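J.: I would like the atomic coordinates for the input below:
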Amino acid sequence: MKALLPLRIALFYFLLSFTAFAWCLVCLVFAPFMPFHKRYRFVVKNWCSCAVWLGKTLVGLRYEVHGAENIPAKPCVILAKHQSTWETFFISAYFEPLTQVLKRELLRVPFFGWAMWLLKPIAIDRENPKAALRQVAQQGQESLERGAWVLIFPEGTRVPVGQKGKFSRSGASLAVNAGLPVLPIAHNAGMFWPKAGWGKTPGVIQVVIGPAMYAEGEGPRAVAELNQRAEDWINEQVQLLENQAVTN
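T.: The predicted structure follows:
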């Protein structure tokens, strides 16, 4: 397995790119005529599940999920650690339908970006933080009202293993205003699929879904407290997972 790993990784990226291109073409033809829930399953869930499967089959990126019993019956705001690309695929396939906060430049990518546009993502301008916050609040509320989970990586970008990024309060603010909880998710995917480079390391990615967290009160203080509570839980769980992986 190790000797053939570079070839397996190359094959993985080839198939990932090929299936993305081919599937986007199919989706652009058929998906516009589907209602949102079916469109999400057709466009995102199927391909992201395929991406996770390719990683498992070709590169040995297996995974275990802990805390699935914590998932609320009603969609809410998901706050997840961001270390790699893997968790984007996994979370998008695991929760449906789902709206993701992403940088608007991604929608300009031919075929891929056009297909993403069909899913009504919250495409923000990172150069204008204040406008981005207003956009997340407005479009996030609309997504929750139509029964979609809202995925937010509060660090804003992928953060290398062992490092912590500053948590944006946009997700906590959205949850408080909607009267819904945040669902924290921690994982150690970055240890197997690093932020930088093409290299991959076979292993078992641990995903921990925490208990739904509700705000204690309303207003800015409640938002700040909820955000800090989610940040502390995620960072603590990530540290535990990374320590366990090193020990094993």
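
J.: The residue lying closest to Leu106 once chain neighbours are set aside sits in which helix or strand?
T.: Counting by Cβ to Cβ, 6 or more residues apart in numbering, Gly113 is the residue found nearest to Leu106 once chain neighbours are left out, at 5.5 Å. All C-beta spots, glycine's among them, are computed from the backbone N, C-alpha and C. Counting by DSSP states H and E, the element that carries Gly113 is helix 112-117.

J.: next helix or strand past that helix?
T.: Next helix or strand after helix 112-117 toward the C-terminus (DSSP H and E): strand 122-124.

J.: Describe which strands that next one pairs with in its sheet and in which direction.
T.: strand 98-103 (parallel) (DSSP bridges).

J.: circling back to that earlier point, let's test this: mean pLDDT of the helix holding Gly113, rounded?
T.: The average pLDDT for helix 112-117 rounds to 72.

J.: Stretch 181-191 too?
T.: Taken as a whole, stretch 181-191 has a mean pLDDT of 97.

J.: The chain should start at 4 in everything you say after this.
T.: Got it, the first residue is 4 from now on, which makes the last one we talked about stretch 184-194.

J.: Take the helix or strand bottoming out on mean pLDDT in the chain, keep the C-alpha atoms, and write them as PDB.
T.: The least trusted helix or strand in the chain, going by mean pLDDT, DSSP states H and E, turns out to be helix 115-120, with a mean of 72. Extracted in PDB, the C-alpha atoms of helix 115-120 (Å, rounded to 0.1, in the frame of the first residue of the first chain):
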ATOM      1  CA  PHE A 115     -18.100  23.500 -10.600                       C
ATOM      2  CA  GLY A 116     -19.100  27.100  -9.600                       C
ATOM      3  CA  TRP A 117     -22.100  27.000 -11.800                       C
ATOM      4  CA  ALA A 118     -23.300  23.800 -10.200                       C
ATOM      5  CA  MET A 119     -22.700  25.200  -6.800                       C
ATOM      6  CA  TRP A 120     -24.900  28.200  -7.600                       C
END
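
J.: Report the contact partners of Val164.
T.: Residues in contact with Val164 (Cβ atoms under 8 Å, 6 or more residues apart in numbering) are Gln86, Asn191, Gly193, Met194, Pro197, Glu245.
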